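Engineer: coords please:
(chains A and B)
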Amino acid sequence: SQKIEQNSEALNIQEGKTATLTCNYTNYSPAYLQWYRQDPGRGPVFLLLIRENEKEKRKERLKVTFDTTLKQSLFHITASQPADSATYLCAFSNDYKLSFGAGTTVTVRA
Amino acid sequence: SAVISQKPSRDICQRGTSLTIQCQVDSQVTMMFWYRQQPGQSLTLIATANQGSEATYESGFVIDKFPISRPNLTFSTLTVSNMSPEDSSIYLCSVEDPRTRYNEQFFGPGTRLTVL
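Structural biologist: Okay, the predicted model is just below:
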């Protein structure tokens, strides 16, 4: 069955450093993947989408890579800020249905 | 982008009762989705609700337990029937907004359900 795994441990980093989150998948060949941010008590908010034929996508301080050989996506937050503290979810899809990972909680210390 | 509201935001219910959750969108959308997010776990798709047709349920979810209505292009309801403590979860609705660049999904704030 399809499986999506994100960093199992929460990530605690110092302000200004780069946070790198990992999302691995098995038994799946997604056409694209999306990254969402979720704050406590709120619904997920879309951040970035990357397609299977794209290696890298950037948006401001965020960067996503997609390696279909390794079956892995990396999500980077550069020059991190305390406001970046949240849970980050990866989601894969071939159509309108999204399959989510469990999320990685990031805490940025001032 | 679509703006979504849900009612209620939270509720505490007794075992064996039912709760209906409402989802309202500020624009007309074709596809609406209902998810469940159990504590510390990922979002799991319950069903897809299209206006004018029966909802399509994912494996492990059935209409008798989670009946869904979709009377128009801006509104949907999800009922959690005959609740048990295992139904305690956050329930989220989302929509795919075709006006956006990536057809990403927009989520409501969620309904936190506790079943005693």
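
Engineer: quick check: B:Glu58 vs B:Thr44, distance?
Structural biologist: 8 Å (CB to CB, to the nearest Å). For every residue, glycine as well, the C-beta is placed using N, CA and C.

Engineer: please apply the same query to B:Arg36.
Structural biologist: 5 Å.

Engineer: which residues of the chain fall in strands?
Structural biologist: Since you didn't name a chain, this refers to chain A. With strands called from DSSP state E, chain A shows them at A:3-6, A:11-14, A:19-26, A:32-38, A:45-51, A:56-59, A:62-67, A:72-77, A:86-93, A:99-100, A:104-109.

Engineer: wait, chain B was what I had in mind.
Structural biologist: For chain B, the strands defined by DSSP E cover B:4-7, B:10-13, B:19-25, B:31-37, B:43-50, B:56-57, B:68-72, B:75-80, B:89-96, B:105-107, B:111-115.

Engineer: in the second one, what's buried?
Structural biologist: By neighbour count on 16 or more other CB atoms under 10 Å in any protein chain shown, the buried set for strand B:10-13 is B:Cys13.

Engineer: equivalent analysis for the last one, please.
Structural biologist: Buried residues in strand B:111-115, counted by 16+ other CB under 10 Å: B:111-113, B:115.

Engineer: adjacent strands (with direction) for it?
Structural biologist: Strand pairing for strand B:111-115, using DSSP bridges, gives strand B:10-13 (parallel), strand B:89-96 (antiparallel).

Engineer: in CSV: those, plus distance to A:Ile50.
Structural biologist: Output for the strands paired with strand B:111-115, formatted as CSV (distance: least, CB to CB, whole Å):
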stretch, distance to A:Ile50
strand B:10-13, 34
strand B:89-96, 18
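
Engineer: can you add mean pLDDT and distance to A:Gln6 and give those back as a markdown table?
Structural biologist: Output for the strands paired with strand B:111-115, formatted as a markdown table (pLDDT from 0 to 100; distance: least, CB to CB, whole Å):
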| stretch | mean pLDDT | distance to A:Gln6 |
| --- | --- | --- |
| strand B:10-13 | 97 | 26 |
| strand B:89-96 | 95 | 18 |
